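Student: Using only what follows, build the 3D model:
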Amino acid sequence: MAADMADLIGYKVEASDGTIGKIDRHSEYVGRQYMVVDTGPWIFGHHVLVPASVVTRVDDENETVHLSVTRAEVKDAPEFERGQHQDDMAAIQIIEHYYSKNSHT
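Tutor: Got it, this is the predicted structure:
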């Protein structure tokens with residue numbers, strides 16, 4: 001990902017077929033970068049972990065991150081509980097595997 005993910009907090013996140021929410025925070029592990037997306041009004045009270053590998057473009061002018069996956073793929077991703085799974089490498093690997101199988105890039 002070209003931009004520093006910490007600079008993307010607050011950016012809108014667009015799946016290939018519509019908005020899913022805003023970046024709430026980022027996580028970085030050796031060789032891995034992820035965004036925690038607050039799905040806000042789309043899925044109330046829900047957060048999803050989205051790997052940087054599915055980001056197709058960052059539009060700094062409009063503060064928007066575009067993804068290669070659909071809203072349904074994001075919604076069907078393995079559950080992520082903020083504060084519980086963000087440091088759980090096994091949970092992160094499950095989510096990473098899900099997106100690698102569903103990525104359209």
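
Student: Output the below-cut-off pLDDT ranges for this protein.
Tutor: 1-6, 27-31, 81-88, 102-105 (pLDDT under 70).

Student: and if we set it to 50?
Tutor: Low-confidence segments of the chain (pLDDT under 50): 1-2, 85, 105.

Student: Regarding the chain, what is its longest helix?
Tutor: For the chain, the helix that runs over the most residues, judged by DSSP state H, is helix 89-102.

Student: Run through the neighbouring helices and strands of that helix.
Tutor: strand 18-29, strand 32-38, strand 47-51 (3 or more Cβ pairs under 8 Å, 6 or more residues apart in numbering; DSSP states H and E). Where C-beta positions appear, they are placed from N, C-alpha and C, glycine not excepted.

Student: Ranking these by mean neighbour count, which comes first?
Tutor: Neighbour counts (mean count of other Cβ atoms under 10 Å) averaged over each of these peak at strand 47-51, with a mean of 23.

Student: Give me the most central residue, this protein.
Tutor: The chain has Val50 as the residue nearest its centroid, 2.3 Å off, counting by Cα atoms, centre = their mean.

Student: Just give the closest residue to that residue, not the sequence neighbours.
Tutor: What sits nearest to Val50 in space, not counting adjacent residues and going by Cβ to Cβ, 6 or more residues apart in numbering, is Met35, at 4.9 Å.

Student: what's the answer for Asp17, then?
Tutor: In space, Asp17 is closest to Thr70, 5.0 Å off (Cβ to Cβ, 6+ apart).

Student: Need the residues that contact stretch 7-24.
Tutor: With contact meaning Cβ atoms under 8 Å, 6 or more residues apart in numbering, stretch 7-24 is reached by 5, 25-26, 35-40, 42, 47-48, 50, 58, 62-71, 73-74, 82, 104.
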